[in-house]
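K.L.:
sequence and predicted structure are below.
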Amino acid sequence: MRNKIYILLGFVLMSFNNEKAIVANNSKLNADKIWDQYNLYKEQTITNKFFKHKDVVKLIEKHVKSGAFKNEILGYSVEGRSINHLTIGRGKTKVLLWSQMHGDESTATMALFDSFNFFSSKDENDAFRKYLLDNLELHFVPMVNPDGAEVWKRRNALGIDLNRDALALVSPESNILKNIGQQLKPEYGFNLHDQTTLYSVGHTKEPATISFLAPAYNYEQTESESRKKAIQLIVTMSNNLQKHIPGKVAKYNDEHEPRAFGDNFQGWGVSTILVESGGYKDDFEKQYMRKLNFYTLLQALETICNKSYEKEKVSDYYAINENSHFNYDLVLRNITFIKNGQNYKTNIGVNQAQISNEDYSSFYFKGTIAEIGDMHLNFGYEDVDASEMTFTTPKVKSMEQAQWKKMSIDDELKLIREGYLYVSFTDGNTSSGNIKNRLLNLINEKIIQTTTLEIGKPANFILTKNNQPRFAVINGFWVDLSEEAKSIANTIGY
């Protein structure tokens, strides 16, 4: 009889272990499948990166009403906007994720609301969802700096960089973040940011689309047990992302910054991972990077549940290329320019600043010449060999305002093929700033723009071959004059 009981218990244990293995295996399969199902969870009301605090509050209310999340107001920003803390999950392992400490870094906030939709859903991924929520207690603080987000600025309303205020704690937002960290004492923390689109992966042409860091809590960069876990987790996250952005994952600089929250969270024993969303070709609104954030965070949560990161080598973290500032939006190589009657060959780097419109709900581009000279270590999102081309000053076409308004894109392209990049009105001043759906810039006759090749000048010039215009750079955009006419994102009124 006793032997039968032992056999029965053995079968029960085997069944239980097999069930656990099946659940774990299904969770892995579902995590990969979710990449293809992303649009099911994407928060459709967030269509660009300029959403505001009021938009976030509405979405939080939606998720609280659904019964999936709990919400508390941790406190208020300098200008009185709420800073919210959402909670979901019933597991033993606490994870804290916070985003938008810098008001103009919203990619991860978008991804967090996509993940809220995932956790609020009931569908074929229920087993995976349950697996995460049975093992984890998830805490989210989206939009730590709502005042900065309101005016699309990095710093808060006091002009303070919150990520340099972890010790001085001048700002209410900084105190709120520190308090929630010390109150919860999470095992893992995710510090979610954006970085410039012009970082590259080491000395390569690849943009640093996603960069990771396990912040050091001292100048010696000691590997405590908590930091080691963060390092190993980053290796897993990096490996998973390589399937979707091969060669575009980097490591952020390891140098210790004692004023930063990530470094201090790490020192408080929280395994802290910094995630930086950088650049990806033509992803100006960072919607693809939003999807990458959604995916890598879910993968990270799964990895925390099954502890699979423990098999990763610490050395693999240090083997990830560090992000470097080697990229430009446009690089023109071996271009000829004429100075004092002499011909010279050089390279030109062009960058396109994203300028917020007055209502801080959208942006426009303003291209400038950012570099001249040896650029063999640099790369461009658009990288062109201009060996047979000569830098040529564009011309200004004078016309009445009514004539300008009637011009088609084809009419504008004809003028560009004749060497014109500017229009000046004969019956009044031109407008300034953003001009949509055109090819020609506007300019007042008394203002002289790019007449010589010079750093800081607007990126508006013609490239000629045998004195004939072949290409144009218009507000930093590369335009092939042999192709059919089509407008660029925007030109400028100077």
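P.N.:
Done, it's in.

K.L.:
so what's the residue count around residue 85?
P.N.:
Number of residues near residue 85 (other C-beta atoms under 10 Å) recorded here: 22. (C-beta placed from N, C-alpha, C; glycine too.)

K.L.:
assumed it was part of a helix.
P.N.:
No. Assigned with DSSP: H, G, I helix; E, B strand; the rest coil, residue 85 falls outside any helix and is strand.

K.L.:
for it, which residues make a bridge with it?
P.N.:
residue 72 (DSSP bridges).

K.L.:
name the helix or strand for the residue nearest to residue 192 when sequence neighbours are not counted, please.
P.N.:
Of all residues not flanking residue 192 in the chain, residue 108 sits nearest, at 3.3 Å (C-beta to C-beta, 6 or more residues apart in numbering). Per DSSP states H and E, residue 108 falls inside helix 107-120.

K.L.:
sketch out the helices for the stretch 151-300 of the chain, chain order is fine.
P.N.:
When secondary structure is read from DSSP state H, counting those that start in this stretch, the stretch 151-300 of the chain shows helices at 172-184, 225-241, 261-267, 287-306.

K.L.:
out of the ones you listed, deepest packed?
P.N.:
Ranked by mean neighbour count, the helices of the stretch 151-300 of the chain are led by helix 261-267 with a mean of 25 (mean count of other C-beta atoms under 10 Å).

K.L.:
using PDB, write out every CA atom in that one.
P.N.:
Extracted in PDB, the C-alpha atoms of helix 261-267 (Å, rounded to 0.1, in the frame of the first residue of the first chain):
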ATOM      1  CA  PHE A 261      18.500  58.000  -9.900                       C
ATOM      2  CA  GLY A 262      19.600  54.900 -11.700                       C
ATOM      3  CA  ASP A 263      23.000  54.900  -9.900                       C
ATOM      4  CA  ASN A 264      21.300  55.500  -6.600                       C
ATOM      5  CA  PHE A 265      18.600  52.900  -7.100                       C
ATOM      6  CA  GLN A 266      21.400  50.400  -7.900                       C
ATOM      7  CA  GLY A 267      23.200  51.500  -4.600                       C
END
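
K.L.:
from the chain's centroid, how far away is that helix?
P.N.:
22 Å (C-alpha atoms, centre = their mean, to the nearest Å).

K.L.:
what mean pLDDT would you report for that helix?
P.N.:
The average pLDDT within helix 261-267 is 98.

K.L.:
you'd agree residue 473 is up against residue 382?
P.N.:
No. Counting by C-beta atoms under 8 Å, residue 473 stays clear of residue 382, with 9.9 Å between them.

K.L.:
check the contact lists of those two and give me the overlap.
P.N.:
residue 330 (C-beta atoms under 8 Å, 6 or more residues apart in numbering).

K.L.:
mind checking which of these two has more residues around it?
P.N.:
The neighbour comparison of residue 473 against residue 382 (other C-beta under 10 Å) goes to residue 473, with 27 against 16.

K.L.:
now do the SS call for the more buried one.
P.N.:
Put simply, residue 473 is strand when judged by three-state DSSP.

K.L.:
wait, what's in contact with it?
P.N.:
Counting by C-beta under 8 Å, 6+ apart, the residues that residue 473 touches are 330, 332, 350, 367, 459-461, 463, 479.

K.L.:
relative to helix 287-306, how tilted is the helix holding residue 108?
P.N.:
Helix 107-120 runs at 60 degrees relative to helix 287-306, counting by axes from the mean of the first three to the mean of the last three C-alpha atoms, to 10 degrees.

K.L.:
show the subsequent helix or strand relative to helix 107-120.
P.N.:
Using DSSP H and E, the helix or strand that directly follows helix 107-120 along the chain is helix 126-135.

K.L.:
any idea of the mean pLDDT for the next helix-or-strand element following that next one?
P.N.:
Using DSSP H and E, the helix or strand that directly follows helix 126-135 along the chain is strand 136-141. The pLDDT scores in strand 136-141 average 98.

K.L.:
how far off centre is strand 136-141?
P.N.:
The answer for strand 136-141 is 22 Å, by C-alpha atoms, centre = their mean.

K.L.:
partners of that strand in the sheet?
P.N.:
Neighbouring strands of strand 136-141 in its sheet, by DSSP bridges, are strand 82-88 (antiparallel), strand 93-99 (parallel).

K.L.:
what lies in contact with that strand?
P.N.:
74, 83-99, 112, 116, 119, 132, 176-177, 180, 184, 186, 301, 304-305.

K.L.:
could I have the CA atoms of the following helix or strand past that strand written out in CSV?
P.N.:
Using DSSP H and E, the helix or strand that follows strand 136-141 towards the C-terminus is helix 146-150. Output of helix 146-150 as CSV, limited to C-alpha atoms (Å, rounded to 0.1, in the frame of the first residue of the first chain):
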residue,chain,number,x,y,z
PRO,A,146,4.5,66.1,-16.4
ASP,A,147,5.4,69.8,-16.4
GLY,A,148,8.3,69.1,-18.8
ALA,A,149,6.1,67.0,-21.0
GLU,A,150,3.6,69.9,-21.2
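
K.L.:
average pLDDT across helix 146-150?
P.N.:
98.

K.L.:
swap in stretch 59-73?
P.N.:
Here the average pLDDT along stretch 59-73 is 97.

K.L.:
likewise stretch 298-311?
P.N.:
96.

K.L.:
contacts for it?
P.N.:
With contacts defined as C-beta under 8 Å, 6+ apart, stretch 298-311 is touched by 24, 27-28, 31, 34, 91, 93, 95, 115, 118, 128, 131-132, 135-136, 138, 188, 190, 229, 232-233, 235-237, 240, 273.

K.L.:
now it, how far from the centre of its chain.
P.N.:
That offset, for stretch 298-311, works out to 24 Å (C-alpha atoms, centre = their mean).

K.L.:
same question, stretch 321-337
P.N.:
20 Å.
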